[in-house]
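Trainee: the sequence and its predicted three-dimensional model are supplied below.
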Protein chains: 2
Amino acid sequence: MTLPTRYGVELPGWVLEEVAAAPRPATDVERMALVHRLARRNVREGTGGPFAALVVDASSGTLVSVGVNLVLASGLSASHAEVVALGLAQARLARWDLGAEGARHTLMVNWRPCVQCYGAILWAGITRLVIAGDGPELEALTGFDEGPMVPDWVAQFEARGIVVERGLLRAEALDVFREYQELVAAGAVTVYNARGTGPIKRG
Amino acid sequence: MTLPTRYGVELPGWVLEEVAAAPRPATDVERMALVHRLARRNVREGTGGPFAALVVDASSGTLVSVGVNLVLASGLSASHAEVVALGLAQARLARWDLGAEGARHTLMVNWRPCVQCYGAILWAGITRLVIAGDGPELEALTGFDEGPMVPDWVAQFEARGIVVERGLLRAEALDVFREYQELVAAGAVTVYNARGTGPIKRG
């Protein structure tokens, strides 16, 4: 049998519709509100877990890319929202280093990254990470196993020139996770769980 | 400007040529020898860092996918060898869970995963990880920043049903890193380093 030679990720059509449904966000609060709208709709559309991310040009504030968790839609377990947003930004700019040549980019996400996305952020060249929140509420509300984490994750980011800001529209992030929990309880969404009997996987 | 909607990874043509250059590996030693051949050739071809990975069907021993580090070739910082091999396997099998329905898969890599790939392995559903080695030699020889790591990474894998085996053809792994070091010293390869003045990034 021939070995596979390619894989890829494509945003579902509804994502750009959702972005176009309101004026382009001009402030961090508006940007995080867009993240939450995308995360909520991602669950309703059945394309992945309740997570979304944006890459923003730090100088101009321009939106470079938007990502949502596409584990279900893409069939790729790595396609968490952060990985998708970073991959799309790198594809658009045709470079693996989003900090190359003095460019500076911000990543905005609706919760603290899992350990995979923590590493993906480390290597992508972004210089600022804004998250709506962190803490045990995500796992408590959704049942996701977020996995182990680097204990001093913020300090390790900052040692590599990545500023971390937390707590922007945190309550709204929890609203999205609560809605996800209700849909799971109602049997209305697929929970992805890599070994069936194992811990529930991160969205 | 229109937001980007897709990104993807494609194996360079030389990868399947290299796989075809010898009989399909039938033992773990032969499989790890293939990993080392691919890692070495990846540097020579200029497609990425000195890393390669295989996904193997644990029951039949069949090779499901092969990956190499494609940061340079793909322009995507996340496309480390493990992520590429797992993504190709998931694309081939059309499922994000490589442990679904009783299937069991092994990932073989030439060194301990970085923190990003640690997480990617956690979420992919594989049940066994075989690495040629771990320890400080990689960073010492190549200058890569492997980043911080989960302190109890092996125990965390094993708590999630992922068996870890270390030390298969370890000396040969170091030979590949030494050759990489020599090529870097000779100015013959591109070292990827996400912020220019920052720490050198992982291959």
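Mentor: Sure, I can see it.
Trainee: just give me the longest helix of chain A.
Mentor: Looking only at chain A and at elements set by DSSP state H, the helix with the highest residue count is helix A:28-45.
Trainee: touching, residue A:150 and residue B:115? I think so.
Mentor: Yes - the criterion here is C-beta atoms under 8 Å, and residue A:150 meets it with residue B:115 at 6.4 Å. All C-beta spots, glycine's among them, are computed from the backbone N, C-alpha and C.
Trainee: shared neighbours of these two, anything?
Mentor: By C-beta atoms under 8 Å, 6 or more residues apart in numbering or on different chains, residue A:150 and residue B:115 have these common neighbours: A:115, A:118, B:148-150.
Trainee: quick one, phi/psi of residue A:150?
Mentor: phi -60, psi 120 (degrees, to the nearest 10).
Trainee: what's the closest of the shared contacts of residue A:150 and residue B:115 to residue A:23?
Mentor: Lowest distance from residue A:23 to the shared contacts of residue A:150 and residue B:115 (C-beta to C-beta) belongs to residue A:118, with 32.0 Å.
Trainee: give me the distance between that closest one and chain B.
Mentor: Going from residue A:118 to chain B by C-beta to the nearest C-beta, to the nearest Å gives 6 Å.
Trainee: correct me, but residue A:157 touches residue A:124?
Mentor: No - contact criterion C-beta under 8 Å: residue A:157 and residue A:124 do not qualify, at 11.7 Å.
Trainee: closest to residue B:175 out of the shared contacts of residue A:150 and residue B:115?
Mentor: The closest of those, once distances to residue B:175 are taken by C-beta to C-beta, is residue B:149, at 23.9 Å.
Trainee: returning to what we had before: can you tell me which of the shared contacts of residue A:150 and residue B:115 end up in helices?
Mentor: Reading helices off the shared contacts of residue A:150 and residue B:115 with DSSP H, I get A:115, A:118.
Trainee: tabulate the shared contacts of residue A:150 and residue B:115 (TSV), appending pLDDT, distance to residue A:163 and neighbour count.
Mentor: Formatted as TSV, the shared contacts of residue A:150 and residue B:115 follow (pLDDT from 0 to 100; distance: C-beta to C-beta, whole Å; neighbours: other C-beta atoms under 10 Å in any protein chain shown):
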residue	pLDDT	distance to residue A:163	neighbour count
A:115	96	20	25
A:118	97	15	25
B:148	94	17	21
B:149	95	22	18
B:150	95	23	20
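Trainee: now render the shared contacts of residue A:150 and residue B:115 as a markdown table, adding distance to residue B:64.
Mentor: What follows is these, written out as a markdown table (distance: C-beta to C-beta, whole Å):
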| residue | distance to residue B:64 |
| --- | --- |
| A:115 | 24 |
| A:118 | 27 |
| B:148 | 30 |
| B:149 | 27 |
| B:150 | 26 |
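Trainee: so between residue A:157 and residue A:124, which is more surrounded?
Mentor: The neighbour count for residue A:157 versus residue A:124, taken as other C-beta atoms under 10 Å in any protein chain shown, is higher for residue A:124 (29 against 22).
Trainee: look up phi and psi at the more buried one.
Mentor: Reported as degrees, to the nearest 10, the phi and psi values for residue A:124 are phi -90, psi -10.
Trainee: partners of residue A:129 in the sheet?
Mentor: residue A:107, residue A:164 (DSSP bridges).
Trainee: if I pick it, what's in contact with it?
Mentor: A:106-109, A:113, A:121, A:157, A:162-165.
Trainee: just the buried residues of those.
Mentor: Listed as buried from these are A:106-109, A:113, A:121, A:157, A:162, A:164; burial here means 16 or more other C-beta atoms under 10 Å in any protein chain shown.
Trainee: the helix or strand bottoming out on mean pLDDT in chain A close to chain B?
Mentor: Among the helices and strands of chain A, helix A:137-142 carries the lowest confidence by mean pLDDT, DSSP states H and E, at a mean of 92. No - legend: contact between helix A:137-142 and chain B by C-beta under 8 Å from any C-beta of the partner chain is lacking; minimum distance shown is 14.5 Å.
Trainee: ditto for stretch A:37-56
Mentor: No - under the criterion of C-beta under 8 Å from any C-beta, chain B is not reached by stretch A:37-56; the shortest gap measures 9.7 Å.
Trainee: what is the burial count for residue A:92?
Mentor: When neighbours are counted by other C-beta under 10 Å, residue A:92 comes out with 17.
Trainee: what about the nearest residue to it once chain neighbours are set aside, distance to residue A:91?
Mentor: Once flanking residues are discounted, residue A:92 sits nearest to residue B:4: 4.0 Å by C-beta to C-beta, 6 or more residues apart in numbering or on different chains. Using C-beta to C-beta, to the nearest Å, one gets 5 Å for the distance from residue B:4 to residue A:91.
Trainee: residue nearest the middle of chain A, spatially speaking?
Mentor: What sits nearest the mean C-alpha location of chain A, by C-alpha atoms, centre = their mean, is residue A:81, with 2.8 Å.
Trainee: which residues sit in contact with that one?
Mentor: Residue A:81 touches A:39, A:48, A:51-53, A:67-69, A:109-110, A:117, counting by C-beta under 8 Å, 6+ apart.
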